[in-house]
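>>> After the sequence you'll find the predicted model.
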Amino acid sequence: MRNNNKKIVVIIPAFNEENAVGNVIREIPKDLVAEIVVVNNNSNDATKEKAEEAGATVLDEPTQGYGNACLKGISYVKAMQQQPDIIVFIDADYSDYPEEMVQLVQPILEQDYDIVIGSRALGKKQRGSMTPQQVFGNWLATRLLRILYGVMYTDLGPFRAIKWDALIKLDMKDRTYGWTVEMQLKAAKMKMKTTEVAVNYRKRIGFSKISGTVKGTVLAGYKIITTIFKYR
């Protein structure tokens with residue numbers, strides 16, 4: 001696969017991921033991307049320092065929330081003198097395989113897709129990498145998207161690539177757990193060209209702040225479902 005001189009920027013939201021974020025940054029194919037941006041989302045550990053040591057640009061977003069961190073990264077990219085062609089989002093917990101970014105952006109580079117979702121459902125998952133409630137939540141959310149928006153997804157996975165101009169058109173708003181599903185349903189409503197590629201998934205380093213607690217799981221599930229109906 002050839003990059004075709006497309007500028008690719010990676011955005012990594014990070015909250016207390018000092019033990020993992022460096023691994024993610026180091027394993028991103030450097031010949032593929034122009035810049036790696038880590039958004040330090042009010043961490044109280046050494047996430048910022050570890051990300052800087054690994055070579056990333058680090059932004060601070062003190063207001064916690066996955067969407068807040070992503071929006072901070074987008075604001076930074078908007079201010080670039082030369083804006084990118086593609087944005088890749090990946091989590092900082094090392095559960096995804098950064099080297100698979102090559103396959104993730106391929107449909108955009110070679111087939112002109114607008115959005116590519118890395119699907120854990122289509123790939124190989126390490127035992128215990130996703131909780132039963134995560135698996136069920138993904139199934140329910142993707143089924144609702146099919147029923148209400150007529151679009152076929154198998155996952156709401158955070159590892160995804162999107163054309164920069166498509167991302168701007170989506171006018172993303174969600175500041176917390178509804179970020180990924182908002183992107184996918186808005187893309188469906190706008191008839192964007194979307195596909196999925198299989199990505200592998202492993203146990204994250206450290207403790208999940210969402211699926212690792214009952215409160216986090218319930219809040220995330222509620223936000224995802226309400227977001228799906230909000231834009232109907």
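Great, that's in hand. Predicted model, so just to flag it, every value in this text is computed and none were measured.
>>> Pass me the low-pLDDT residue ranges in the protein, would you?
1-4, 207-216 (pLDDT under 70).
>>> 50 - rerun?
Applying pLDDT under 50 to the chain picks out residues 211-212.
>>> what residue lies at the spatial centre of it?
Residue closest to the average C-alpha location in the chain (Cα atoms, centre = their mean): P158, at 3.1 Å.
>>> Now do the phi/psi pair for the residue lying closest to that one once chain neighbours are set aside.
Leaving aside its sequence neighbours, P158 sits nearest to D91 (Cβ to Cβ, 6 or more residues apart in numbering; 5.0 Å). Any C-beta I mention is one placed from the backbone N, CA and C, and that applies to glycine too. Note on D91: backbone dihedrals following degrees, to the nearest 10 are phi -80, psi 160.
>>> can you count the residues close to D91?
19 (other Cβ atoms under 10 Å).
>>> could you list every residue that touches it?
Contact partners of D91, counting by Cβ atoms under 8 Å, 6 or more residues apart in numbering, are 12-13, 24, 158-159, 204.
>>> The residue nearest to the centre of the chain should be in a helix, yeah?
No - going by DSSP: H, G, I helix; E, B strand; the rest coil, the assignment for P158 is coil, not a helix.
>>> unless I'm mixing things up, it is touching I90, no?
Yes - using Cβ atoms under 8 Å, P158 is in contact with I90, at 6.9 Å.
>>> who touches both of the two?
Shared contacts of P158 and I90, defined by Cβ under 8 Å, 6+ apart, comprise D96.
>>> ranges for the strands of this protein?
Here the chain has its strands, by DSSP state E, at 8-14, 35-40, 57-60, 86-89, 115-119, 160-163, 194-198.
>>> which residues are contacting the third one?
Okay, so that is strand 57-60. Residues from elsewhere that reach strand 57-60, judged by Cβ under 8 Å, 6+ apart: 35-40, 48, 51-52, 72-73, 76.
>>> Next up, the contacts around R160.
88-89, 104, 115-118, 180, 183.
>>> and with 7 Å instead?
Contacts for R160 (Cβ atoms under 7 Å, 6 or more residues apart in numbering) come out as 89, 115-118.
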